[in-house]
Structure formats: structure tokens, C-alpha cells
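>>> Predicted model, plus sequence, below.
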Amino acid sequence: MSTLKIHTIESAPEGSKKQLEESVKAFGMLPNLHGVLAESPAILEGYKKLHELFSTQTSFNAEELTVVWQTINVEHECHYCVPAHTAIAHMMKVDDQLIEALRNKAAMPNAKLQALHDTTLTLVRNRGNISDEELTSFYEAGYNEKHVLEIILGLSQKVISNYVNHIANTEVDEPFKKFALVH
């Protein structure tokens, strides 16, 4: 049983109020995840900064960002992030076939995205351990050392959200509910 609550701007600790106001401006609503993270201004700021860095300062395009995020979300069985990132992928104009393949643990639509998916999954499952052969395969698919590091940046962001959502059992926001996974 979780005691983590979903803060509003009014109930949040002082150090989180401005960050939550920024979330409302960015999303047109206060995502429940941000409301939970608000209990600790440091984790809210860290999560938001990692998101900004991963989504705007890495070399990944919209499809590749989605592959990294959703591979991790699905592997971690995050009831909140899978539907949220499904909605985000639609907003980013990611192809429906890729979105559904990720949600359903199906093959990626091309070899390069499959290599990104496989490498991300290996890093998640093996806690960062990856063989030389697996790295060579990743590089042969068109990626390089920078991309491995950028996957780890995305993984850092998703560990925060996925783990917090497990502990808090964060309620999925209304706009994302239509993308919830059915078990």
C-alpha cells in the first residue's frame, strides 16, 4: 500500500510549486506523475531535466526516442508510462505500426530500430552489462558509442518514472486512459 499522494500546485512543497506550474503550461494539465514527484522537489527537477535532455539534446529522432522509452516502459510493466508514451508517440507523429509493435512486444518495422530495441532491452535486463558482440551488432546497425550513452540517459529518466509509478500506483491521466494496456 502506497502512501504517496498526487500533489496539486497548492498542496505541493514550496520547492515544487513553480515546477508544477511549468508542467501545466507545457501539458495543459498537471500530469499525475508530476504531482507524485512533487513530494520531492529534487526528484521532480531531476526527472524533468532528464526528460528535456533526452528528448531535445540526444541524436535520436522521434521514432528512436519512442523505441527507447517504450522498450523500457513495457519491460518495466509501467501501467502509467506505457499509455502516456503511446499518447506522446501519437503527438510526435510516430507511425502506428511502430507504436503497436512496441506495446505488444512485436518485431520492429526495420533492422535499425530492432537493433535499438534489442540493445535497450539488453541494458535494462542486464543492468547495464552488454557483450562486445551485442555492441558490435548495434554499431553495425548504424549506431555508435554516443547512442549507447544516450540510451542510458533515457533509461535514467524511465527508472525514475517507472519505479515511482509502481510505488505510487499512479492513476493514469484521463487523456492517456484510452491507451492503457489491458491485461
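Everything's here; your move.
>>> for the residue nearest in space to the middle of the chain, helix, strand, or coil?
In the chain, the centroid-proximal residue (Cα atoms, centre = their mean) is W69; its distance is 4.0 Å. Put simply, W69 is helix when judged by DSSP: H, G, I helix; E, B strand; the rest coil.
>>> And the nearest residue to it once chain neighbours are set aside, how close does it get to K177?
The shortest distance from W69 to any non-neighbouring residue, by Cβ to Cβ, 6 or more residues apart in numbering, is to H85 (4.9 Å). Placement of C-beta: from N, CA and C, glycine included. If you measure H85 against K177 using Cβ to Cβ, to the nearest Å, the figure is 14 Å.
>>> For the protein, just list every one of the strands.
Per DSSP state E, the chain carries no strands over any range.
>>> give me the number of residues near the nearest residue to E64 once chain neighbours are set aside?
The shortest distance from E64 to any non-neighbouring residue, by Cβ to Cβ, 6+ apart, is to L116 (5.9 Å). For L116, the count of nearby residues is 24 (other Cβ atoms under 10 Å).
>>> you'd agree L116 is up against V67?
Yes. L116 lies in contact with V67 (Cβ atoms under 8 Å); the separation is 5.0 Å.
>>> And the residue nearest to W69, what's its pLDDT?
As predicted, H85 sits at a pLDDT of 97.
>>> so where's the chain shaky on pLDDT?
Residue ranges of the chain with pLDDT under 70: 1-2, 182-183.
>>> Determine the longest helix present in it.
Longest helix in the chain by number of residues (criterion: DSSP state H): helix 145-168.
>>> Show me what that one is packed up against.
In terms of contacts (3 or more Cβ pairs under 8 Å, 6 or more residues apart in numbering; DSSP states H and E), helix 145-168 is packed against helix 32-37, helix 41-57, helix 62-75, helix 81-91, helix 111-125, helix 132-140.
>>> would you turn those helices into JSON lines with distance to V24?
Formatted as JSON lines, the helices and strands packed on helix 145-168 follow (distance: least, Cβ to Cβ, whole Å):
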{"stretch": "helix 32-37", "distance to V24": "9"}
{"stretch": "helix 41-57", "distance to V24": "13"}
{"stretch": "helix 62-75", "distance to V24": "22"}
{"stretch": "helix 81-91", "distance to V24": "16"}
{"stretch": "helix 111-125", "distance to V24": "31"}
{"stretch": "helix 132-140", "distance to V24": "39"}
